[in-house]
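1. Attaching a predicted model along with its sequence, questions to come.
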Amino acid sequence: MVRVFCIGRNYAEHVRELSNVVPQTPVVFMKPGSCLVPCGEAIRLPKHGHDLQHEVEVVIRIGKPGRVESKEGALSWIDAVTVGLDLTLRDVQDELKKRGLPWEKSKAFDQSAPIGEFVSCDGTIDLNDIAFTCRVNGVERQRGSTRDMIFSFETLLIELSRIWSLQPGDLVFTGTPSGVGPLAAGDTVEIQGERIGAFSWKIVA
Ligand code: ZN
């Protein structure tokens, strides 16, 4: 099954909105591949919390195996890119953070990773300058650019490689800009990336 790496706290304004501290090295957590939701599939509100929040993120796909050791050539490990949602039960996460416990219950539940269709990285997309947005019922909630990432794609790949040997098909959610907020039954959430496309999901009870 696909491995899904996720980077936390990678945009300064989002770090501030949740009163977290800017990290010295990337914050990494994982979701099982079973969390992925293709666009168009209805997303059921999870029952074990009540503050489901959207976090739009640029998602990269690894195309070759091995460890990335230097910034030079690092981007050649990325074969495709899209946007996705790191759905988070914020009330559950706040409780886990307070108690110093792992985040899986708040971030790695079924359907927690809606993901768009991948666009191949053939040189037409400047990875380090992708504008992306999240709209809920047509109203813009988040707008960001990969220009503002605290840790660049190159640094993320090097840092992940220190711990995991990369495999083709690995996905990396690269962090969310500010503006995260709640989702309710009946909402339509749409995410869009420049030169990538727009993808939407309906939240149901
Ligand atoms: Zn996130």
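-> Ah, there it is.
2. How many residues are close by G49?
-> G49 sits with 18 neighbouring residues when counted by other C-beta atoms under 10 Å. Where you see a C-beta, it was placed from the backbone N, CA and C, and this is true even at glycine.
3. What separation do you get for it and D110?
-> Here the criterion is C-beta to C-beta, to the nearest Å. By it, G49 lies 13 Å from D110.
4. residues in the protein within reach of the ion, list them.
-> Within the chain, the positions lying close to the ion (C-beta under 5 Å from the ion) are E55, D86, T176.
5. Got the phi and psi for the residue in the chain that the ion sits nearest to?
-> As assessed by C-beta to the ion, the ion sits closest to D86 within the chain, at 3.4 Å. Dihedral pair for D86: phi -90, psi 80, per degrees, to the nearest 10.
6. Am I right that P168 is in contact with G66?
-> No. With the criterion set as C-beta atoms under 8 Å, P168 and G66 do not qualify as a contacting pair; they are 9.9 Å apart.
7. Now for the two: what residues contact both?
-> Contact criterion C-beta atoms under 8 Å, 6 or more residues apart in numbering; residues shared by P168 and G66: none found.
8. list the contacts for T174?
-> Applying C-beta under 8 Å, 6+ apart to T174 gives the contacts I7, N10, E57, V58, V59, I60, T146, M149, F153, L156.
9. Roughly how far does it sit from K98?
-> 26 Å.
10. same deal with G181?
-> Spatial separation of G181 from K98 under the definition C-beta to C-beta is 21 Å.
11. what's the burial count for K47?
-> Counted with other C-beta under 10 Å, residues neighbouring K47 total 8.
12. residues contacting A74?
-> With contacts defined as C-beta under 8 Å, 6+ apart, A74 is in contact with V68, F153, E154, L157, I158.
13. Would you mind confirming that D187 makes contact with V204?
-> No. In terms of C-beta under 8 Å, D187 does not count as a neighbour of V204; the distance is 9.4 Å.
14. So for those two, which sits in the more crowded spot?
-> Remark: of D187 and V204, D187 carries more neighbours, 17 against 11, as counted by other C-beta under 10 Å.
15. Go ahead and name everything in contact with stretch 161-171.
-> Under C-beta under 8 Å, 6+ apart, the answer for stretch 161-171 is 2-5, 28, 59-69, 77, 79, 115, 157, 160.
16. repeat that with 6 Å
-> For stretch 161-171, the external contacting residues (C-beta atoms under 6 Å, 6 or more residues apart in numbering) are V2, R3, V4, V59, R61, I62, G63, P65, R67, V68.
17. Save those residues as a markdown table, and put in secondary structure too.
-> Formatted as a markdown table, the entries for the contacts of stretch 161-171 read as follows, by DSSP: H, G, I helix; E, B strand; the rest coil:
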| residue | secondary structure |
| --- | --- |
| V2 | coil |
| R3 | strand |
| V4 | strand |
| V59 | strand |
| R61 | strand |
| I62 | strand |
| G63 | coil |
| P65 | coil |
| R67 | coil |
| V68 | coil |
